[in-house]
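Colleague: heads up, no residue letters with this:
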């Protein structure tokens, strides 16, 4: 069961990356603007605006003030890139553990 949870997480991350790419393609098809990849922060805002607006003060007050800056850099990346990179890292970790 424990091994399958890792594969499920990797599949969900890749599925999320594909979903974000499809969302960008649909936005491009519905608009006359040139193709542009939306950042993760924009997609989060589109899905649930209030949680995005609450995360900064919550992190700065209750976790650590310095943690917001790196998270902000992640939110500026294309939406498909973040889960895609996490999925690839998960695959690499699985490959390294399998060799032992």
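Modeller: Yes, it's here. Note that the coordinates shown come from a computational prediction; the quantities given were computed from them, not determined experimentally. Numbers count the residues shown, from 1 in each chain.

Colleague: quick one: the helices in this protein?
Modeller: 2-30, 40-47, 49-62, 68-75, 81-99 (DSSP state H).

Colleague: so the chain: which segments form each domain?
Modeller: As given by automatic domain parsing, the domain ranges for the chain are 1-37+79-100, 39-77.

Colleague: any regions of this protein where pLDDT drops low?
Modeller: For the chain, the stretches with pLDDT under 70 are 1-3, 100.

Colleague: tell me which residues touch the closest residue in space to residue 41 that isn't next to it in sequence, please.
Modeller: Spatially, and ignoring its direct neighbours in sequence, residue 41 is nearest to residue 75 (3.5 Å; CB to CB, 6 or more residues apart in numbering). Placement of C-beta: from N, CA and C, glycine included. Counting by CB atoms under 8 Å, 6 or more residues apart in numbering, residue 75 makes contact with 39, 40, 41, 44.

Colleague: now those residues in a markdown table, with distance to residue 71?
Modeller: Formatted as a markdown table, the contacts of residue 75 follow (distance: CB to CB, whole Å):
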| residue | distance to residue 71 |
| --- | --- |
| 39 | 13 |
| 40 | 10 |
| 41 | 9 |
| 44 | 11 |
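
Colleague: before we move on, back to that, hey, which of the helices of the chain is tucked in deepest?
Modeller: When the helices of the chain are scored by mean count of other CB atoms under 10 Å, the highest mean neighbour count falls to helix 40-47 (a mean of 15).

Colleague: and the contacts of that helix?
Modeller: Identification of contacts with helix 40-47 by CB under 8 Å, 6+ apart yields 20, 23, 51-52, 72, 74-79, 81-82.
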